[in-house]
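In: A predicted structure for the sequence below; I have some questions about it.
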Amino acid sequence: MSAAQKMPSGMLRIPDPDFPPAFYSPYAAAVETALREISVLRGRHAALSGRECIREITFRLKSPASIRDKLRKKGLPASAQMAACALRDVAGLRVVLCDVSAVYSFASLLRESAVLSCFAEHDYIRWPKRSGYKSLHLLVQIAVSGLDCPIPAEIQLRTPQMDLWASIEHEIIYKPRRD
């Protein structure tokens with residue numbers, strides 16, 4: 001089975017010589033591992049809070065074009081090696097929870113995980129961006145079975161209202177259409 005076939009559903013990519021399936025394979029494995037851990041923590045969170053608060057869980061691997069753009073903005077060469085060294089959000093997950101208290105309580109469970117090691121946090125709920133964007137971003141290292149070193153990923157936690165605004169903001173401000 002090729003590396004591309006091992007990627008979770010929805011992660012198959014059009015071949016790109018600069019970012020081949022071998023580049024994405026560890027990130028795809030990290031997403032699979034994180035999704036399993038989030039599923040376990042979802043049950044623990046429901047048991048602790050007495051309610052099911054997770055509304056949606058999504059994931060993505062950053063596209064080659066997006067990787068190139070981000071590296072260029074940082075003044076770095078657009079290569080797989082540089083992306084692996086300089087970017088911490090090639091793999092990304094989003095968890096939409098019922099309310100702000102659930103966001104923070106679920107974040108606490110993520111921080112305590114033996115599988116996900118949180119190394120940085122950006123709290124855009126307490127300190128929103130100028131655009132009004134709100135979300136709690138956790139940068140984590142994911143211990144993946146069979147890999148020697150953990151894989152970085154970003155986990156975004158937000159409410160449905162924050163998710164709606166983020167979608168609008170993303171389309172209008174962050175990546176406007178160039179028609």
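Out: Yep, it's here. Numbering: from 1, shown residues only.

In: touching, residue 67 and residue 90? I think so.
Out: Yes - using Cβ atoms under 8 Å as the test, residue 67 is close enough to residue 90 to be in contact (6.8 Å). Every C-beta, even on glycine, is put in place using the N, C-alpha and C of the backbone.

In: which residues do the two both contact?
Out: residue 83 (Cβ atoms under 8 Å, 6 or more residues apart in numbering).

In: quick check: what element follows the helix or strand that contains residue 40 along the chain?
Out: According to DSSP states H and E, residue 40 maps onto helix 21-49. Next helix or strand after helix 21-49 toward the C-terminus (DSSP H and E): strand 54-61.

In: list the contacts of that following strand.
Out: 7-8, 10-11, 13, 24, 27-28, 31, 34-35, 38, 42, 45, 90-98, 102, 106, 160, 163.

In: avg pLDDT for the helix holding residue 40?
Out: Mean pLDDT, computed over helix 21-49, is 95.

In: related to what we said a few turns ago, please indicate which of the contacts of strand 54-61 are buried?
Out: Among the contacts of strand 54-61, those classed as buried by 16 or more other Cβ atoms under 10 Å are 7, 11, 13, 24, 27-28, 31, 34, 38, 42, 45, 90-97, 102, 106, 163.
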